[in-house]
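>>> predicted model and sequence follow; I will ask about them next.
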Protein chains: 4
Amino acid sequence: MRIFEQVESDVRGYIRAFPAIFDTAEGAELVDENGNRYVDFFAGAGTLNYGHNNPRITKALIEYLERRGIVHALDKATVAKQTFLQTFVDTILSPRNMEYKVQFTGPTGTNAVESALKLARLVKRRSNIISFTNGYHGLTMGALAVTGNTFYRDESYGLRANTDFMPFDGYFGPDVDTVEYLRRFLEDGSSGVDLPAAVIVETVQGEGGINVASDEWLQKLEKLCREFDILLIIDDIQMGNGRTGPFFSFERANISPDMVTVSKSIGGGLPMSLLLMRPELDQWQPGEHTGTFRGNNLAFVASTQALSYWDNEDLSDAVTYKGGIIEDELNAIVEKYPELDAEVRGVGMAWGLDLQKPGLAGEVSGYAFRRGLLIETAGAGGDVLKFLPPLIIEEEILREGLAIVDKSIEDLVTRRQKIRSGSIR
Amino acid sequence: MRIFEQVESDVRGYIRAFPAIFDTAEGAELVDENGNRYVDFFAGAGTLNYGHNNPRITKALIEYLERRGIVHALDKATVAKQTFLQTFVDTILSPRNMEYKVQFTGPTGTNAVESALKLARLVKRRSNIISFTNGYHGLTMGALAVTGNTFYRDESYGLRANTDFMPFDGYFGPDVDTVEYLRRFLEDGSSGVDLPAAVIVETVQGEGGINVASDEWLQKLEKLCREFDILLIIDDIQMGNGRTGPFFSFERANISPDMVTVSKSIGGGLPMSLLLMRPELDQWQPGEHTGTFRGNNLAFVASTQALSYWDNEDLSDAVTYKGGIIEDELNAIVEKYPELDAEVRGVGMAWGLDLQKPGLAGEVSGYAFRRGLLIETAGAGGDVLKFLPPLIIEEEILREGLAIVDKSIEDLVTRRQKIRSGSIR
Amino acid sequence: MRIFEQVESDVRGYIRAFPAIFDTAEGAELVDENGNRYVDFFAGAGTLNYGHNNPRITKALIEYLERRGIVHALDKATVAKQTFLQTFVDTILSPRNMEYKVQFTGPTGTNAVESALKLARLVKRRSNIISFTNGYHGLTMGALAVTGNTFYRDESYGLRANTDFMPFDGYFGPDVDTVEYLRRFLEDGSSGVDLPAAVIVETVQGEGGINVASDEWLQKLEKLCREFDILLIIDDIQMGNGRTGPFFSFERANISPDMVTVSKSIGGGLPMSLLLMRPELDQWQPGEHTGTFRGNNLAFVASTQALSYWDNEDLSDAVTYKGGIIEDELNAIVEKYPELDAEVRGVGMAWGLDLQKPGLAGEVSGYAFRRGLLIETAGAGGDVLKFLPPLIIEEEILREGLAIVDKSIEDLVTRRQKIRSGSIR
Amino acid sequence: MRIFEQVESDVRGYIRAFPAIFDTAEGAELVDENGNRYVDFFAGAGTLNYGHNNPRITKALIEYLERRGIVHALDKATVAKQTFLQTFVDTILSPRNMEYKVQFTGPTGTNAVESALKLARLVKRRSNIISFTNGYHGLTMGALAVTGNTFYRDESYGLRANTDFMPFDGYFGPDVDTVEYLRRFLEDGSSGVDLPAAVIVETVQGEGGINVASDEWLQKLEKLCREFDILLIIDDIQMGNGRTGPFFSFERANISPDMVTVSKSIGGGLPMSLLLMRPELDQWQPGEHTGTFRGNNLAFVASTQALSYWDNEDLSDAVTYKGGIIEDELNAIVEKYPELDAEVRGVGMAWGLDLQKPGLAGEVSGYAFRRGLLIETAGAGGDVLKFLPPLIIEEEILREGLAIVDKSIEDLVTRRQKIRSGSIR
């Protein structure tokens, strides 16, 4: 690990939580340089819904490279891009009666968010944006301004501008309708909250700790946006591509966002980002938002293969089935360890086990890693164990991973009891 | 082309200047879906210094994919990343006695710039940044704030904050030392220009129209930065990786930037970005700047191969040799068409032919495309033909491309004369 | 009126609601150029608590002018300023065990607010400020940023920065404790609301429509500020100087603000503003906030006389007594016209009659003016009749004014009934 | 002085430079509490052009107070305001063929500046403003953003937005035309300097150290503004009211600003501020910029008297005559003490003696005070002795003051020589 410690910036993060040097990977499994195998409940923070080195994708990439398919093309037309676009329309948009236009942004999620915010402001001629508590949208300056976590901000960034944060669903407990809270601010011309160009929201906050907005809340929010002529931007970067069941996470609520940011799994593991927008919002001038790698043709090739999972309902069905397994197992854990006072939240194959106590989730993650499982924490304080396995994970491996979590918690609880009883310290 | 016109956002740009659907590519040549061949003087705006589908790179990628090398790993350690880091240290940093630490930012140039600006502000506890006229650093909000071209900005972005633009070398003509201009503002506590955390500058402005800062100017700027305790950030995204001869474009001036942004060609055609920083500036907390695709292992594999070009002086020497060919040819063109009053600017294999008159460069680019050459325009008004061929271009193909430019200009001049003489309109 | 219409900017406001040319004034009465008399329930929006041309003040001003007392002195020491300071300490600060230091800001309320915000940021090294819905603090850029009413803002001001608006007491109805809402945002490191340097709040929102914060709410807010190391700034510009009974409006809640802005009535009708601050917050460098008219000695002379009202409890007692008369009368009106569904709010001699329906309050104000009463409207939509008579108003004149209001409402209700019944339109 | 030290904020400034407690004043003379007399070359930083307690003004104020003229009237119409407006039109605007509309802003200079900047942005729908090096326009957030001196700013203010500072006339020496510099930035769409709503400039920078813009420079600047559709705002707060000879300081250059800020002397010593604007720019909505003390009727009464000085040419002529005396005397001083390498700058009765060496001007000011003269320093480093006597100063008193300056410099030079020769330390 020496070269990383000596040369890589201290900003490196996951390498600390998962201190191994990984070499190969396939599906939901990784192997490190020493041949140790790991189950992956992390999936590149939602990038590997279709698994590591998905065979369909790998095959297509190799073929493309072998025939010298053009790799880098900025935003010039290519056969690979054409194929992707056609596939995306045929497989995703048309069956859902969606007429979005597609912008290829720089291949980072934050770049798609920046594009959405710029376009919303441009179209509406208003600079204000409403974001939500615990929202995470990226770390470049525009996206960071709508990201809630203070850890990422610094007074010196001179950043706090043109954003108002509003309470996400459930922020004041189950009885308070936070859309009504927002409505009050918008209705009142003297509230201090200026009419925004757009609202940006995740249907399930991933980094925020797996906070699931209810269908009703999302519908009310959409209605409020229509009423006040505010654009609704769904940031579907982490929760799209089937993570919650349907391709888009907002399908369950039957809402029609004005813009959708798509990234992470869309590239089948390779860097790729899209901004979908209603046609009438496509008021960009040619080249007005640009970026070198928005024509990453290997990603188009990979994505075209990934989209083949959406020719039928199999993947969605599998998500429902395997999501049920996770939910059941997590509920069993909660019941088994009542002293933890843990809470289970989730939908599809995105689940959080909120262990409430500071540091606990991180400890479980560490224990699990030593037993061969990659599982991340989330939430403002990192108190939530975040279950995000590849959607294509085999049931057996899924159960193997869940068992490791159970065992890790057991170890921890036992150890804590021993500490409390004084037998160890 | 219909799918692009129907579905892709109007923001698409190069597809309009180069209206073909490209399929395969190798070295400095592209082939479209109809089998037409094109010479590439564009090189992905500086991303393809090592050529399209460089055989060393393609081979390594295929091997990596075949053995299921891990592709996506966030910022976890991988064998591919380890190899890249070691190679970068051994080939680039150590031979130059550079002790930079390396941050893997999101794989877009703009993300590297955002990281640099955030870190500079964080370290210096000052929010102001000085940028230069015609500077181009990216289009996410932080980078856009230091990008000069008003075309990319909109009043609604609420953006104009914490940046002061100063005149680049030569901005007021050859006799005005613009570093002295900047000094005056910094020395005067009542100038209105607050002491910045950093200065960000390109040694050669690419998008700005191939404006070459002199060695002396860069040295004076570095000295000024030291004197006022300002960090010097060189944005080497377009001009690094040997474009101007040496690996880093600032080597010619013998200066030592505090931070360097590296992207475009560093990934050998795949998305990848780095921020280099002096070790004492590495004050990031773990995970304080993050991003999903900063662990693009295919790019690490590709980059490791690309860096093999820097084991010896051959590439640098070739750049000097082929750069001389370009320069000579452009001077010949200037001489041949005195009525154009054109100007040649450049260094290494980055050259601009400033055609001065609005629209002219764009017309030449169009003519050249029809003759099978991709060449871009640059500068505030797009008046500069920008010569940026792959560094590994064969001399013969280079001369072929230059001849197309010559012929295209001839066509245009002839046509203009005919129009003027009334024989056509 | 022609000269006003021709030459004065369209920004002029009260001249439209009260279209007379006033000539002389004394106590709670004004006389226009034609000799018409008006009762004043407006009191210069809280500037004339001690009445127009208070005889003590007028006498002192004339004497001062006759002996050529220095009038304009910037912030040099003068005998008049010395006398004012000593009187302010002896009469106001010492009896209340307050140890505030006194800053003479530019003689506008907004300037005192700007000073408070700058100082809070300077001391705490944080740029964020929390303000409240319907708060009004002034219209220069710093103060405007914490003023809720969107009417005063424009997208082009580039203003929306470093302020978060939180719900004032009662904003979500009587059952919701809005300090708890604020606490939630502050406790959650991922709420998007950065720890502010200060909270700025009015104990009774005057321009906001006479919204009275409860003692408990103010106490909770103070406690929250202490807990999170946030400065508490009370903007007492409109509600200070006995308007609510005690000299400072926050005395009723027994809280100890870190800073207090004082203006309007403090100058006895002449322009004067103060910022009071806890001694340890006085971290200004000499001259760091300055302004030409902060040494308005006529105002010091006037203020010294005005403060003589605070040698004993008489004025406070009178406010309680006369405030009771207003309250009773307004309640009687509410009862008399149930169809209005009006609401009475207030404390001391600051009362609002919320007529709920758009335009109604303005109509009543217009009717009352024609009957010889000046009464203003307030609230986001101007729906609240605002009762702010001079504190020294004679009971008889007070009752005269209240009768005019009653009669005006009666007229209006009658007229509306006639319109509804079709007898007039 | 104890009460000031104990109770007044440390922000107090002039009290430190001029440590006496002043009691009465008349014309150009002040008397302190101990009966000591002082000559005033400071004139309230330009507020007392018509002298302390000008007899015409004092008489009118006393009469007004005696007849209970209304003192505070917000922006309601009053007889006093009507008279002022008519006088201002008849005496100032009409004879100069000016058709400005008049806005009564809050009675501080900074409030007039804030109004001008807000209105310019509102009208042009652009947020950017261009200001100049060493410009001083006030210390509330909007005005502070266009004020050059870093002393007044703090990183925590979050302020650096929507302003670009450009070099004032002579900033790069006499040979550089700085309007051409500005033009270069404006013409170049890629300069980073966005088209501003307005340029704000002083014709003579007072606080900046008596920097006099040439007529040619001002004319070029006006031309540039017209060419680019930028509003030209002259901040005439310190230099208006005859300070440079004519009523408005820009009359000498024969330019026609779009807006003019007027304050300081306009109120005859009392707080008053105006914004003049071309009629077509008066796009305010009623009450859109407001403030409690914009109807300070005592100031209207005083101002009406002050304006009587402009019925004829006498005052302008006197300024020319007495300005000549100052200029001659300062040149004599420069010649007398060549070792100081001092520089004389000025126009009308605004003069600066730039003593170049840090601290020197402050020392002279201190020596002079002990000899009975009030004279301020100016400039970024406080190196300039600033001569700003009341315009109505008697010639004899003017010469007395100038002699004190001469003597004070002599004392200082002698003392310095003694220190250097070692006879004292």
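Done, it's in.
>>> which residue, other than its chain neighbours, is closest to A:Gly245?
Nearest non-adjacent residue to A:Gly245, counting by C-beta to C-beta, 6 or more residues apart in numbering or on different chains: A:Gly348, 4.3 Å away. C-beta: built from backbone N, CA, C; applies to glycine.
>>> same thing with A:Leu330?
Counting by C-beta to C-beta, 6+ apart, the residue nearest A:Leu330 is A:Val344, at 4.4 Å.
>>> in a strand, that's where the one you found is, yeah?
Yes - under DSSP: H, G, I helix; E, B strand; the rest coil, A:Val344 sits within a strand.
>>> my guess is A:Asn254 contacts A:Glu216, does it?
No - here A:Asn254 lies out of contact with A:Glu216, judged by C-beta atoms under 8 Å, at a distance of 11.0 Å.
>>> chain center to stretch A:143-152, what's the gap?
Distance of stretch A:143-152 from its chain centroid, counting by C-alpha atoms, centre = their mean, to the nearest Å, is 15 Å.
>>> look up how far chain D lies from the residue nearest to A:Leu330.
Computed as C-beta to the nearest C-beta, to the nearest Å, the A:Val344 to chain D distance reads 42 Å.
>>> what number of residues lie near that residue?
19 (other C-beta atoms under 10 Å in any protein chain shown).
>>> surely it and A:Leu353 touch.
Yes - with contact taken as C-beta under 8 Å, A:Val344 and A:Leu353 are classed as touching, separated by 6.0 Å.
>>> joint contacts of these two?
Common contacts of A:Val344 and A:Leu353, defined by C-beta atoms under 8 Å, 6 or more residues apart in numbering or on different chains, comprise A:Leu330, A:Val334.
>>> wait, what's in contact with A:Pro110?
One correction, residue A:110 is Thr, not Pro. A:His137, A:Gly138, A:Leu139, A:Thr140, A:Ala143, B:Gly106, B:Asn111, B:Thr140, B:Gly291.
>>> between all of the residues you listed, which two are separated the most?
A:His137 and B:Asn111 (14.2 Å; C-beta to C-beta).
>>> more neighbours: which of these two?
The residue with more neighbours, out of A:His137 and B:Asn111, is B:Asn111; 34 against 30, by other C-beta under 10 Å.
>>> for chain C, see how far away that one is.
In terms of C-beta to the nearest C-beta, B:Asn111 sits 22 Å off from chain C.
>>> contacting residues for A:Glu251?
The neighbourhood of A:Glu251, defined by C-beta under 8 Å, 6+ apart, consists of A:Arg96, A:Gly245.
>>> what's the pLDDT at it?
Here, the pLDDT recorded for A:Glu251 equals 98.
>>> quick one, phi psi at it?
Backbone torsions of A:Glu251, given as degrees, to the nearest 10, read phi -60, psi -40.
>>> try A:Tyr38
Torsion angles at A:Tyr38 (phi, psi; degrees, to the nearest 10) stand at phi -130, psi 140.
>>> what residues are up against it?
So A:Tyr38 contacts A:Ala20, A:Phe22, A:Glu29, A:Leu30, A:Val31, A:Asp32, A:Phe369, A:Gly372, A:Leu373, A:Leu374 (C-beta under 8 Å, 6+ apart).
>>> cutoff 10 Å now
A:18, A:20, A:22, A:25, A:28-32, A:368-369, A:371-374, A:401, A:404 (C-beta atoms under 10 Å, 6 or more residues apart in numbering or on different chains).
>>> please name the bridge partners of the residue nearest to it when sequence neighbours are not counted.
Leaving aside its sequence neighbours, A:Tyr38 sits nearest to A:Leu30 (C-beta to C-beta, 6+ apart; 4.5 Å). Beta-bridge partners recorded for A:Leu30 (DSSP bridges): A:Ala25, A:Tyr38.
>>> returning to what we had before: nearest to chain D, of the contacts of A:Thr110?
B:Thr140 (16.5 Å; C-beta to the nearest C-beta).
>>> tell me how many other residues crowd the closest residue to that closest one other than its chain neighbours.
Distances taken as C-beta to C-beta, 6+ apart put A:Thr140 closest to B:Thr140, at 3.9 Å, once the chain neighbours are dropped. By other C-beta under 10 Å, 35 other residues sit near A:Thr140.
>>> report the contact partners of A:Thr140.
A:106, A:108-111, A:113-114, A:147, B:105-106, B:108, B:110-111, B:113-115, B:117-118, B:138-144, B:289, B:291.
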